[in-house]
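J.: no sequence on this one, just coordinates:
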């Protein structure tokens, strides 16, 4: 069945709400308004205000409430409107959600799912459009995933709810209208996927940049360069085995990451490649990140600030293939 990325997430949440009375959704405007990006539209009418809860304008309060509910045996899905706003809940996330299993000697788990919108491309400016996923991938005790396809959007919600520890799902805003096939069944939540096979260069990325990498791969194919596109899916834990298997074929790699270059997830991936696969490389690992400025509002500046297919192609052209 063909549907959109936002509808696929809604389908996953609906399936979870129908199948498990412990599951509930909570966040700002998730109920009567239907979600800031219309992801939860109609769920309040289907499941009622006990299962679809509009929260006050306090990320620390409702993320903390989600942690408490998870400790008490519930399976909360907490929606934070954008990743920028999640900073207001970092104390709850880093000091509580991420640590309670460790601090209790394994006696307590926090089966919490937190969804949040990330990324630029919709002129939401610098307080709503950053890509801070690397902050969460840095923290032991939580897991971080980023769907890039319609099928993964649904399946990641369901798979995350099966994990006994906190799982953060990062949904790139440009993907919400993306159309694709909605598939039944689950997925290996922490395994990368090869989205396009190739032999000349590996393009490793995630979320909203997967489509850009695929577009770049098509342009490169017209020039006789076959790029393999790896969708990381999981940012913590990283499936480096799949990345290294690809580099063993291509001997070149470009990591595309919408975060800023300094302290980036791309930098971590590049270092792991150097540590584990240096001898596989015929060219230094390259990375393409967002320009290190607060995200602009003006469309032409926003487009210039974030990775795109043209930058990927230009980088590959310099790699002496």
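T.: On my side now, so go ahead. It should be emphasised that the depicted structure is a prediction, and the values quoted were computed from it without experimental measurement. Numbering: from 1, shown residues only.
J.: where along the stretch 1-150 of the chain do the strands fall?
T.: Taking DSSP state E, counting those that start in this stretch, the strands of the stretch 1-150 of the chain run over residues 2-4, 23-27, 52-54, 75-82, 113-118, 143-145.
J.: deepest of the ones you listed, which one?
T.: Of the strands of the stretch 1-150 of the chain, the one with the most neighbours on average (mean count of other CB atoms under 10 Å) is strand 113-118, at a mean of 26. The way it works is simple: take the backbone N, C-alpha and C, and place the C-beta from them, glycine included.
J.: could you check the angle strand 23-27 makes with that one?
T.: 40 degrees (axes from the mean of the first three to the mean of the last three CA atoms, to 10 degrees).
J.: Strand 113-118 pairs with which strands?
T.: Note on strand 113-118: by DSSP bridges, its sheet partners are strand 75-82 (parallel), strand 167-172 (parallel).
J.: one step back: want to try CSV for the strands of the stretch 1-150 of the chain, with distance to residue 217 as columns?
T.: Shown next, in CSV, are the strands of the stretch 1-150 of the chain (distance: least, CB to CB, whole Å):
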stretch, distance to residue 217
strand 2-4, 23
strand 23-27, 36
strand 52-54, 40
strand 75-82, 29
strand 113-118, 23
strand 143-145, 23
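J.: May I see the strands paired with strand 113-118 organised as a markdown table, with mean pLDDT and distance to residue 31 added?
T.: Shown next, in a markdown table, are the strands paired with strand 113-118 (pLDDT from 0 to 100; distance: least, CB to CB, whole Å):
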| stretch | mean pLDDT | distance to residue 31 |
| --- | --- | --- |
| strand 75-82 | 97 | 11 |
| strand 167-172 | 98 | 19 |
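J.: Redo these as JSON lines? Include distance to residue 143.
T.: Shown next, in JSON lines, are the strands paired with strand 113-118 (distance: least, CB to CB, whole Å):
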{"stretch": "strand 75-82", "distance to residue 143": "15"}
{"stretch": "strand 167-172", "distance to residue 143": "5"}
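J.: List the contacts of residue 111.
T.: Neighbouring residues of residue 111 by CB atoms under 8 Å, 6 or more residues apart in numbering: 70, 75, 161, 163, 164, 165, 166.
J.: so the third one touches residue 75, yeah?
T.: Which is residue 161. Yes. Counting by CB atoms under 8 Å, residue 75 is a contact partner of residue 161 at 5.5 Å.
J.: what ranges do the helices span in the chain?
T.: 5-19, 43-47, 59-71, 90-92, 100-103, 133-137, 150-161, 210-221, 240-250, 265-277, 299-305, 309-317 (DSSP state H).
J.: any residues touching the longest one, and which ones?
T.: Which is helix 5-19. Contacts for helix 5-19 (CB under 8 Å, 6+ apart): 3, 23-25, 37-43, 46-47, 51-52, 75, 77, 115, 147, 149-151, 153-158, 161, 171, 175-180, 182.
J.: Just the buried residues out of the residues you listed, in PyMOL syntax.
T.: Applying 16 or more other CB atoms under 10 Å to the contacts of helix 5-19 leaves a buried subset, and the PyMOL line that selects it is:
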select buried, resi 3+23+24+25+37+39+40+43+47+51+52+75+77+115+147+149+150+151+153+154+155+156+157+158+161+171+175+176+178+180+182
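J.: need the helices of the chain in TSV with distance to residue 284 and mean pLDDT, can you?
T.: Below are these laid out as TSV (distance: least, CB to CB, whole Å; pLDDT from 0 to 100):
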stretch	distance to residue 284	mean pLDDT
helix 5-19	34	97
helix 43-47	48	98
helix 59-71	40	98
helix 90-92	34	97
helix 100-103	37	96
helix 133-137	21	97
helix 150-161	31	97
helix 210-221	19	98
helix 240-250	12	98
helix 265-277	9	97
helix 299-305	24	93
helix 309-317	11	97
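J.: out of these, which comes closest to residue 188?
T.: helix 150-161 (8.2 Å; CB to CB).
J.: quick one: which of the contacts of residue 111 is nearest residue 90?
T.: Using CB to CB, residue 166 is the member of those that sits closest to residue 90, with 13.0 Å.
J.: Mind checking the strands paired with strand 113-118 for the one nearest to residue 267?
T.: Closest approach to residue 267 among those (CB to CB): strand 167-172, 17.9 Å.
J.: I would like the residues contacting that closest one, please.
T.: Contacts to strand 167-172, defined as CB under 8 Å, 6+ apart, come from residues 5, 9, 39, 83, 112-119, 133, 136, 142-148, 153, 156-157, 160, 189, 207-209, 235, 258.
J.: and the contacts of residue 111, which are buried?
T.: In the contacts of residue 111, burial by neighbour count holds for 70, 75, 161, 163, 165, 166, counting by 16+ other CB under 10 Å.
J.: Which one of the residues you listed is nearest to residue 213?
T.: Set against residue 213, the nearest of those by CB to CB is residue 163 (27.1 Å).
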